[in-house]
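Q: Just a sequence and a predicted model for now, questions to come.
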Amino acid sequence: MNAIEINNLTKEYKDFKLDDISLTLPSGYIMGLIGENGAGKSTTIKLLLNAINADKGEISILGKSNKDNFKVTKEDIGVVLDEAHFPEGVNAKQVNVIMRNTYKNWDEKVFFEYINKFSLPLKKSFKDFSRGMKMKLMIAVALSHDAKLLILDEATSGLDPIVRDEILDLFYDFTRDESHSILISSHIVSDLEKLCDYIAFLHKGKLLFVEEKDILLEKYRILKCSNAEFDDIDKDAVKGVRRTDYGVEALVLKDKVNNAFKLEKPNIEDIIVFMAKEVK
């Protein structure tokens, strides 16, 4: 069973269109959803959670359509959104009571273990939390009701590097259970490169690629050469170009370029920056 299946998903607004998106996240894996502000990441997540209606397409989560009795399916989904949503006056102890009456499988022992791990105050009002504290509280909730799928929108945003690293380790441990999966969007590409098995790149509402991370990193190289040398390169091999006063840098398909050229291995951020420049 796949954790997520999206087929031909389209949602159009006055000034934006999520355009015919299709992707699959197998169970037991982590997919990173990458894209600039306004690329369609949050729209995709809202569609997955049935918070807005699609104009076209189908979504299946944990083997069920997100239109069919999705309230039951939501029991198995842990969600962390870019903006945490709790009443301003509640504290962590009261959040436990709320969640205990929300999720059938709520485990308050696990919840308070995370509260302690994240050094969160029990009686401080949510409105007085920093952004990082709010995100940690949301993550504690998401991990405390035996979810099978985590859907995370900028879940590491606002966290310092040490805490981010600890959170990423928690997410990695979560998917050691082969029935657990994660879809995570983030602007921090290095986090996704460290964590994810698959990378999906949204740009201006279009899905430019969805691919296994290791294959992606092996598939491309950065070519550095003079303008004259670049003229001899097979243009079908070129996926993005940056021209400077000193010559040309290009993202190329490794197997279509002679090894005599200077080729460097890219990271995920290199790949998406080059591809975004190429797509008008």
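A: Okay, I see it. Just so we're clear, the structure is a prediction, and the values are computed from it rather than from any experiment.

Q: Residue 4 belongs to a strand, doesn't it?
A: Yes. Using DSSP: H, G, I helix; E, B strand; the rest coil, the assignment for residue 4 is a strand.

Q: any idea how far residue 105 is from residue 152?
A: 19 Å (C-beta to C-beta, to the nearest Å). Using the backbone N, CA and C atoms, a C-beta is placed for each residue, glycine as well.

Q: same thing with residue 47?
A: 25 Å.

Q: The two: which has the busier surroundings?
A: Ranked by neighbour count (other C-beta atoms under 10 Å), residue 47 and residue 105 place residue 47 first, with 23 against 10.

Q: Could you confirm residue 215 falls within a helix?
A: Yes. The assignment for residue 215 by three-state DSSP puts it in a helix.

Q: Going forward, count from 639.
A: All set: I'll call the first residue 639, so the last point we hit is now residue 853.

Q: pLDDT at it, what is it?
A: Per-residue pLDDT puts residue 853 at 94.

Q: what about it, distance to residue 672?
A: Taking C-beta to C-beta, one finds residue 853 at 16 Å from residue 672.

Q: Looking at the two, which is more packed in?
A: residue 672 (26 against 11).

Q: Quick check: bridge partners of that one?
A: residue 839 (DSSP bridges).

Q: is it true that it touches residue 841?
A: No. The pair residue 672 / residue 841 is not scored as a contact, 9.0 Å apart, by C-beta atoms under 8 Å.

Q: overlap in contacts of these two?
A: Residues touching both residue 672 and residue 841 (C-beta atoms under 8 Å, 6 or more residues apart in numbering): residue 910.

Q: Contacts only, for the residue sitting furthest away from the middle of the chain.
A: What lies farthest from the middle of the chain is residue 866; by C-alpha atoms, centre = their mean that is 39.5 Å. For residue 866, the contact set (C-beta under 8 Å, 6+ apart) is empty.

Q: Residue 796: neighbour count?
A: 17.

Q: again, but for residue 893
A: 9.

Q: Please determine how far it is located from residue 868.
A: In terms of C-beta to C-beta, residue 893 sits 18 Å off from residue 868.

Q: now residue 804
A: Counting by C-beta to C-beta, the gap from residue 804 to residue 868 is 44 Å.

Q: One more: residue 789?
A: Note on residue 789: its distance to residue 868, by C-beta to C-beta, is 42 Å.

Q: Just want to know which of these two has more residues nearby.
A: residue 789 (25 against 19).

Q: Do I have it right that that one meets residue 687?
A: Yes. Look at residue 789 against residue 687 with C-beta under 8 Å: they come within range, at 6.8 Å.

Q: Quickly list what's touching both of these two.
A: Joint contacts of residue 789 and residue 687 (C-beta under 8 Å, 6+ apart) are 715, 717.

Q: Am I right that residue 777 falls within a helix?
A: Yes. Counting by three-state DSSP, residue 777 falls inside a helix.

Q: Many thanks, we can stop here.
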